[in-house]
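Chemist: prediction below, plus the sequence it came from.
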Amino acid sequence: MKKSLRSALDVALVGFIGLALAWLAWGQQTAPPSPSEPASNLLIYRGILQSVDPAARTVAVQGAASVSRVFFLAPDAQIIAKAKPIGELADLVVGSEILVRYQEQGGRNVAHEIGPVNLRSP
């Protein structure tokens, strides 16, 4: 009798642990980001601003080992320049060190945030 009661308690305990783990795993699942919103896991590129093209809405940034990348600004891109929390492309200063937070979309680097290194660090 004691042996069967202990076995029943062991089975119940294992079942409870299994249910708790399943509940935790289910709680960890997140919905994929909608296409209209940038994902929270943006990539970061740090370098010197080489050029700004307001007409094409692009910036070129030279990073480590003289590797230069071109970034296309997302329509809702946030630009922080000259201590302005809401800046324009024209506010960016060529030659300044910047951070670009971006996503790779369709083979292009799409910038969602550009700002000086001293204000935003990864």
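Modeler: Structure received. Numbers count the residues shown, from 1 in each chain.
Chemist: make it CA atoms for all contacts and neighbour counts henceforth
Modeler: Fine.
Chemist: residue ranges with poor pLDDT in the protein?
Modeler: 1-40, 83, 119-122 (pLDDT under 70).
Chemist: try 80
Modeler: Applying pLDDT under 80 to the chain flags residues 1-40, 82-85, 118-122.
Chemist: and the strands in it, which stretches?
Modeler: For the chain, the strands defined by DSSP state E cover 43-53, 58-62, 68-79, 97-105, 108-116.
Chemist: any chance of JSON lines for the ones you listed, columns mean neighbour count and distance to Pro85?
Modeler: Shown next, in JSON lines, are the strands of the chain (neighbours: other C-alpha atoms under 10 Å; distance: least, C-alpha to C-alpha, whole Å):
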{"stretch": "strand 43-53", "mean neighbour count": "18", "distance to Pro85": "18"}
{"stretch": "strand 58-62", "mean neighbour count": "21", "distance to Pro85": "18"}
{"stretch": "strand 68-79", "mean neighbour count": "17", "distance to Pro85": "7"}
{"stretch": "strand 97-105", "mean neighbour count": "20", "distance to Pro85": "14"}
{"stretch": "strand 108-116", "mean neighbour count": "22", "distance to Pro85": "9"}
